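A.B. asks: pasting the sequence and the predicted coordinates here, then a few questions.
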Amino acid sequence: MIDFYTWITPNGLKISIALEEFGLDYQAHAIDITKGDQFSPAFRGINPGSKIPAIVDRDTGVTLAESGAILMYLAEKTDRLMPATGPARLQVIEWLMWQMSGFGPTLGHAHYFLTYNAGEAPFAEALFARETRRLYKTLEARLTGREHIVDDYSIADIAVWPWVSRFHRHKIDLDDFPEVKRWYLAIAARSQVQRGYEVPHFTGAIPMP
């Protein structure tokens, strides 16, 4: 059994979707970051960085934070959705790191400046709108001629998809990125993704372009 500490954010959704895909038993614990639950002494005992997601694997005693690290741990625990060796493994890690270092942080700033604080910082809005489109173009190029980000469906897809699901907040029209749209809709149709999207609770249907 895995205790899963999360909230409705792209980083949280990565792990809820992965847990559903892996078919692992887990118990979700809502950490309401809008109320400061992440700063409670109990949660800081699990992750001193006060960020979701985090897991405690009761079977192995492992406590882990940072969504990319959790995805790799779960993939290795189940021996699924990440090749054990070879170039494909390295490519899955490469695109996982691309999401962690660039796509996610940039889109998070896009949420802040383009949606939540529109009109407050024109320079920042222009910067993150431009960078967001550049990263979508990178993803579009990668998906051209490929069904998934790497050869097979993997934790790289699971890491990137929840961020794309916020495309409205990025002011992105997925019709401008047809390969991304095709990939996004195919993953959205997976029952595991649909279940994971409702953890820790239902807030609305998966956004459709």
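C.D. replies: Happy to help now that I have it.

A.B. asks: who's in contact with residue 8?
C.D. replies: Taking Cβ atoms under 8 Å, 6 or more residues apart in numbering, we find residue 8 in contact with 200, 201, 203. Quick note: C-beta positions are derived from backbone N, CA and C, even for glycine.

A.B. asks: which among the residues you listed count as buried?
C.D. replies: Among those, the ones that count as buried by 16 or more other Cβ atoms under 10 Å are residue 200.

A.B. asks: okay if I get the contacts of residue 8 as a markdown table plus secondary structure and pLDDT?
C.D. replies: A markdown table is the format used below for these (DSSP: H, G, I helix; E, B strand; the rest coil; pLDDT from 0 to 100):
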| residue | secondary structure | pLDDT |
| --- | --- | --- |
| 200 | coil | 97 |
| 201 | coil | 95 |
| 203 | coil | 93 |
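
A.B. asks: identify, from the contacts of residue 8, the entry nearest to residue 17.
C.D. replies: Closest approach to residue 17 among the contacts of residue 8 (Cβ to Cβ): residue 200, at 12.8 Å.

A.B. asks: my read: that closest one touches residue 5, true?
C.D. replies: No - judged on Cβ atoms under 8 Å, residue 200 makes no contact with residue 5 at a distance of 9.1 Å.

A.B. asks: quick check: neighbours shared by these two?
C.D. replies: Counting by Cβ under 8 Å, 6+ apart, the residues touching both residue 200 and residue 5 are residue 29.

A.B. asks: residue 24: what secondary structure?
C.D. replies: Of the three states, residue 24 takes coil under DSSP: H, G, I helix; E, B strand; the rest coil.

A.B. asks: next secondary structure element downstream of the host helix or strand of residue 185?
C.D. replies: Element membership of residue 185, judged by DSSP states H and E, is helix 178-188. Later in the chain than helix 178-188, the nearest helix or strand by DSSP H and E is helix 191-196.

A.B. asks: what comes up buried for that following helix?
C.D. replies: So, applying 16+ other Cβ under 10 Å, buried residues of helix 191-196: 192, 193, 196.

A.B. asks: could you measure from the first one over to residue 48?
C.D. replies: To tie it back to what came earlier, the one meant is residue 192. 31 Å (Cβ to Cβ, to the nearest Å).

A.B. asks: which residues of the protein fall in helices?
C.D. replies: 10-22, 41-46, 67-78, 86-98, 104-110, 122-143, 155-164, 178-188, 191-196 (DSSP state H).
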